[in-house]
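Undergrad: Need a 3D model of the following:
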Amino acid sequence: MDNTGEVLFALKPVTFRYRKELDPHGIPQWGLVAEDVQRVNPAVVALDKAGKPYSVRYDQVNAMLLNEFLKEHRKVEELTKNFQATIAQQQKQIEALTAGLQKVSAQLELAKPTTQTVLNNQ
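TA: Take a look at the predicted model:
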C-alpha cells in the first residue's frame with residue numbers, strides 16, 4: 001500500500017445517474033467511474049464475464065483511504081509533538097530573557113543618580 005496516496009489522488013469522484021432500467025427514478029449517485037479507476041489501478045475494479053469493468057470495489061477504496069488517513073494522522077501527531085517541544089523551548093527562552101531584562105532594569109534603577117546626588121555635584 002505504499003503508493004496508495006498516488007492512486008487515490010488520481011481518482012476523480014463524479015455524480016451520475018444509473019440508466020432508467022436500473023433506477024427508474026434517476027436518483028443522483030456519487031462515486032467513481034469503473035473505466036477511469038481501471039486505468040489508475042485495475043485491482044480496484046470488478047470485471048464482468050466479458051472482462052469489461054462494471055463496478056468499483058469500494059471496499060478496497062475504503063481500505064486505501066483508511067491507510068492514507070492513518071499515515072497522515074501519524075504525521076500530524078509527530079508535527080504536534082515537535083510543535084509542543086518547540087513551544088516549550090521558546091517559553092524557556094522567553095522566561096530567561098525576561099529574567100535577564102528584569103535584572104538589567106534593576107541594575108539601571110540602582111545606577112540612577114538621585115536628586116540629592118545631582119544637587120551635591122553642582
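Undergrad: quick one: residue 25 from residue 18, how far?
TA: Relative to residue 18, residue 25 is positioned 9 Å away (C-beta to C-beta, to the nearest Å). In short, each C-beta sits where N, CA and C put it, glycine included.
Undergrad: The two: who's more crowded?
TA: residue 18 (13 against 7; other C-beta atoms under 10 Å).
Undergrad: Surely that one touches residue 28?
TA: No: look at residue 18 against residue 28 with C-beta atoms under 8 Å: they stay out of range, at 9.9 Å.
Undergrad: Helices of the chain, start to end?
TA: Under the criterion DSSP state H, the chain contains helices at 4-10, 34-40, 58-111, 115-120.
Undergrad: Can I get the first one in PDB? Just the C-alpha atoms.
TA: Spelled out, it's helix 4-10. Below are the C-alpha coordinates for helix 4-10, written out as PDB (Å, rounded to 0.1, in the frame of the first residue of the first chain):
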ATOM      1  CA  THR A   4      -2.000   4.300  -2.200                       C
ATOM      2  CA  GLY A   5      -1.900   8.100  -2.000                       C
ATOM      3  CA  GLU A   6      -0.900   8.300  -5.600                       C
ATOM      4  CA  VAL A   7      -3.800   6.100  -6.600                       C
ATOM      5  CA  LEU A   8      -6.300   8.000  -4.500                       C
ATOM      6  CA  PHE A   9      -5.200  11.400  -5.800                       C
ATOM      7  CA  ALA A  10      -5.600  10.100  -9.400                       C
END
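Undergrad: what residues does it touch?
TA: Contact with helix 4-10 is made by 40, 41, 44, 61, 64, 65, 67, 68, 71, as judged by C-beta atoms under 8 Å, 6 or more residues apart in numbering.
Undergrad: The nearest residue to the third one once chain neighbours are set aside and residue 16, how far apart?
TA: This means residue 44. Excluding the flanking residues, the one nearest residue 44 by C-beta to C-beta, 6 or more residues apart in numbering is residue 60, at 4.7 Å. Going from residue 60 to residue 16 by C-beta to C-beta gives 20 Å.
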